[in-house]
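> Need the 3D shape of this:
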Amino acid sequence: MCGIVAYIGPKDATPFLLEGLARLEYRGYDSAGVAVSGRTGGLKVRKVKGRVADLAAAVPARFKGTTGIGHTRWATHGVPSDANAHPHLDNAERIAVVHNGIIENADELRARLTAEGAVFRSETDTEVLAHLIAAHAAEGIELEEAVRAALGKVVGTYGIAVLDAEQPDRIVVARNGSPIVLGIGEKEMFAASDVSALVRYTRQVVHLEDGELATVRADGFRTFTEDARTTHRQPSTVDWEIDSYDTGGYEHFLLKEIHEQPGSVERTLSGRLDERFNTAHLGGLNLDARELREIRRVKILGCGSAYYAGEMGAQLIEELARIPAHSEPASEFRYRNPVIEADTLYVAVSQSGETYDTLAAVQEIKRKGGRVLGVVNTVGSAIARECDGGIYLHAGPEISVASTKAFTSTVVAFALLALHFGRIHDLSPADGRRIVAGLKALPGQIREILAQSDGIAELAAEYAESEGMMFIGRVRGFPVAREGAQKLKEISYVHAEAYPASELKHGPLALISPELPTVALVPDDELLDKNLTTLGEIKARSGRVVAVAHRRPEAKLADHCILVPKSEPELDPLLLNIPLQLLAYHAAVALKRDVDKPRNLAKSVTVE
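The predicted structure follows:
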């Protein structure tokens, strides 16, 4: 989950490295470091526990070099500390390595290298790479050969960048399960774990595949496999703007991304609504109508918010297409030895397209002959390349660790998929027209909700000091409750639980008290009366209630109410979720949390 940057060219590398790390800090932020080398060799290294700003303050003015690598860390092996920060060096301080991933046989390699005389300065698994590469480089071979030989002894996942003080005319990078992207400049080259570090300098990028390495020089690059076979990678063009990576006047990226949702939904819908046939046009599925009619079940796989979006997607598919659908955590999927069925369509969900658990699930399905679609936000990402087809969200970059606009766009993408499936099956033209109209109205309705931000801020401040919160919803509302609880937990650190409203009386009602308020999703649908009865049960136990509803319940049933515009019943969950994002955000601000970089978390989970 760490951030990697690298530069080689005629300019001083340090400003790019520091700026790139700042843009990648959402991938890890417990320590950071850089290493640079000039044309005459030698290494300069600075690394600190703390944020990239702390690193920038620690780098002296004369810290210059034309070749450099940098890293911002999310700890897996060893506590956050100066010693455990990357880059890691060999004993001769010739080789510098930055690494994202986990070396599974690190203990075994460490013991062997120690017996051979290596002295370890850190607790990390990464340091074994520096010593391994140095041992091969000492034999007088090219850096790429030393890296290739070292990786042959490694078991695990990695995205790495390697700098050799004795060969400062190149950087060697490699990928296996953790992303590495090359950026092509004018007589200069870049590399990073995410394009967000590159877009200010170049739009031409090359994504490495798993098991692939690259030698990067100022005038170009060469890609090859671990067994030394040359590969041929063609650049692609990044279409995201540099302004997307700035807060744009908002206090936090998270608030900016919440307010960008009308536009992100419009982009997800753009060109995909077919009003002539009251359906959705999804050419990227690579499945014709006959093939889609043969699908008997849909299985959706994702992690965290992507999993909850999948739950909402499964509900949409079942309601509109009448095909059994189910969402499951991708992180658990492959470990239960799943039965892969020929008539099941598998859908992998990931904002980054690099989530390791989801990628591994996709690979397991493909290995067993299953068909997989991807619902991802990042063009050219690993999951997008691995899948048979899919839907790009086009939500734009999402920098805050907590997902908001990508979550909403994912559910919109599932609504399009469900509409497409439904019209191929038995969804009537009238119902198709109804859903199309509902989708077109979403951006304006989201704007109506966002206009209530100040009022929700006052409400959040009142409840932020609660010992915890309960989130409840029925059927369509339950996945929304789960996502709402997730948001509150991850950015405010207030404990929250989500339950189906119908399950409250089967146990969780014992928790209800004035100290544990309940956020209840109360849409104006066929279950309204049952939801109101549940509110009565909570109030009878002196519980406080915040209702998110289409119309205000009686005062005796809710202490506060956030009103949401009415959509079509199948699309209502999309709108019910928006106030919960604002509630979590404003609670976190009231509690003075680090909203964009919550403790212990990182944005793109590229380790198992």
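
> which outside residues touch the longest helix anywhere in the chain?
Longest helix of the chain, by residue count under DSSP state H: helix 429-450. If you take Cβ atoms under 8 Å, 6 or more residues apart in numbering as the criterion, helix 429-450 is touched by 258-259, 261-263, 265-266, 269, 273-275, 277-279, 320, 408, 412, 415-416, 419, 422-423, 564-565, 567-568, 570-571, 574-575, 578-579, 582. C-beta: built from backbone N, CA, C; applies to glycine.

> Mind giving me the packing neighbours of the helix or strand that it is followed by?
Later in the chain than helix 429-450, the nearest helix or strand by DSSP states H and E is helix 453-463. Applying 3 or more Cβ pairs under 8 Å, 6 or more residues apart in numbering; DSSP states H and E, we find helix 453-463 packed against strand 560-563, helix 572-590.

> List the strands paired with the lowest-mean-pLDDT helix or strand in the chain, with their directions.
When the helices and strands of the chain are scored by mean pLDDT, DSSP states H and E, strand 236-237 comes last with a mean of 88. Using DSSP bridges, strand 236-237 pairs in its sheet with strand 204-207 (antiparallel).

> Can I get the partner strand in PDB? Just the C-alpha atoms.
Extracted in PDB, the C-alpha atoms of strand 204-207 (Å, rounded to 0.1, in the frame of the first residue of the first chain):
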ATOM      1  CA  GLN A 204       2.300   9.000 -21.700                       C
ATOM      2  CA  VAL A 205       2.500   5.900 -19.400                       C
ATOM      3  CA  VAL A 206       3.400   2.200 -19.500                       C
ATOM      4  CA  HIS A 207       1.900  -0.200 -17.000                       C
END
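
> Outside of it itself, which residues are in contact with it?
For strand 204-207, using Cβ under 8 Å, 6+ apart, the contacting residues are 179-184, 195, 198, 214, 221, 223, 233-238, 380-382, 385.

> Out of those, which end up buried?
Among those, those scoring as buried are 179-184, 195, 198, 214, 221, 223, 233, 238, 380-382 (criterion: 16 or more other Cβ atoms under 10 Å).

> ok, those vs residue 334, which is closest?
residue 382 (15.8 Å; Cβ to Cβ).

> Run through the residues that contact the closest one.
So residue 382 contacts 179, 207, 210, 353, 354, 359 (Cβ under 8 Å, 6+ apart).

> so can I have a markdown table of these showing distance to residue 496, pLDDT and secondary structure?
As requested, these are arranged in a markdown table below (distance: Cβ to Cβ, whole Å; pLDDT from 0 to 100; DSSP: H, G, I helix; E, B strand; the rest coil):
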| residue | distance to residue 496 | pLDDT | secondary structure |
| --- | --- | --- | --- |
| 179 | 31 | 89 | coil |
| 207 | 37 | 92 | strand |
| 210 | 37 | 90 | coil |
| 353 | 28 | 89 | coil |
| 354 | 27 | 86 | coil |
| 359 | 29 | 93 | helix |
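
> Now residue 38. Its backbone dihedrals?
Backbone torsions for residue 38, taken as degrees, to the nearest 10, come to phi -90, psi -180.

> And for the closest residue to it other than its chain neighbours, the neighbour number?
Leaving aside its chain neighbours, residue 38 sits nearest to residue 65 (4.8 Å; criterion: Cβ to Cβ, 6 or more residues apart in numbering). Applying other Cβ atoms under 10 Å, we find 24 other residues in the vicinity of residue 65.

> quick one: residue 65 and residue 399, what's the gap?
28 Å (Cβ to Cβ, to the nearest Å).

> which regions of the protein sit below the pLDDT cut-off?
For the chain, applying pLDDT under 70 flags the ranges 1, 240-242, 604, 606-608.

> just checking, what packs against whichever helix or strand comes after the least confident helix or strand of the chain?
Downstream of strand 236-237, the first helix or strand assigned by DSSP H and E is helix 253-259. Judged by 3+ Cβ pairs under 8 Å, 6+ apart, helix 253-259 is in contact with helix 572-590.

> Restricting to C-alpha, output the helix it packs on in CSV.
Taking Å, rounded to 0.1, in the frame of the first residue of the first chain, the C-alpha atoms of helix 572-590 are listed here in CSV:
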residue,chain,number,x,y,z
ASP,A,572,-33.2,5.3,-3.7
PRO,A,573,-30.2,3.7,-1.9
LEU,A,574,-27.9,5.9,-4.1
LEU,A,575,-29.3,9.0,-2.6
LEU,A,576,-29.8,7.7,0.9
ASN,A,577,-26.1,7.2,1.1
ILE,A,578,-25.0,10.8,0.4
PRO,A,579,-26.1,12.2,3.8
LEU,A,580,-24.2,9.4,5.6
GLN,A,581,-21.0,10.5,3.8
LEU,A,582,-21.6,14.1,5.0
LEU,A,583,-22.5,12.9,8.5
ALA,A,584,-19.2,10.9,8.8
TYR,A,585,-17.1,13.8,7.3
HIS,A,586,-18.5,16.4,9.6
ALA,A,587,-18.2,14.1,12.7
ALA,A,588,-14.6,13.6,11.8
VAL,A,589,-14.0,17.3,11.5
ALA,A,590,-15.7,18.0,14.8
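
> follow-up on the earlier one: okay, the helices and strands packed on helix 453-463 in a markdown table with mean neighbour count next?
Shown next, in a markdown table, are the helices and strands packed on helix 453-463 (neighbours: other Cβ atoms under 10 Å):
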| stretch | mean neighbour count |
| --- | --- |
| strand 560-563 | 19 |
| helix 572-590 | 25 |
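
> wait, which of the ones you listed is closest to residue 538?
Of all those, strand 560-563 comes closest under Cβ to Cβ, at 13.2 Å.

> same for the closest one, what does it pack against?
Using 3+ Cβ pairs under 8 Å, 6+ apart: strand 560-563 touches helix 453-463, strand 545-549.

> between the last one and helix 429-450, how big is the angle?
Inter-element angle recorded for strand 545-549 and helix 429-450: 130 degrees (by axes from the mean of the first three to the mean of the last three Cα atoms, to 10 degrees).

> residues in contact with strand 545-549?
By Cβ under 8 Å, 6+ apart, the residues outside strand 545-549 that reach it are 459, 463, 517-524, 535, 538-539, 553, 557-564, 576, 579-580, 583.

> and that strand, which strands flank it?
Strand 545-549 has these strand partners (DSSP bridges): strand 518-522 (parallel), strand 560-563 (parallel).

> now the longest helix of the chain, how far from the centre of its chain.
27 Å (Cα atoms, centre = their mean, to the nearest Å).

> now stretch 596-604
10 Å.

> ok, and what's touching that stretch?
1-2, 25-29, 74, 179, 194, 252-254, 351-352, 354-355, 398-402, 490-491, 493, 588.

> Look at stretch 71-78 and report the distance between its end residues.
16 Å (Cα to Cα, to the nearest Å).

> Report the angle between the longest helix of the chain and helix 572-590.
10 degrees.

> Hey, what's the angle from helix 429-450 to helix 453-463? Just curious.
Using the same axes, to 10 degrees, helix 429-450 lies at 70 degrees relative to helix 453-463.

> In helix 429-450, which residues are buried?
By 16+ other Cβ under 10 Å, the buried positions in helix 429-450 come out as 431-432, 434-436, 438-439, 441-443, 445-446, 449-450.
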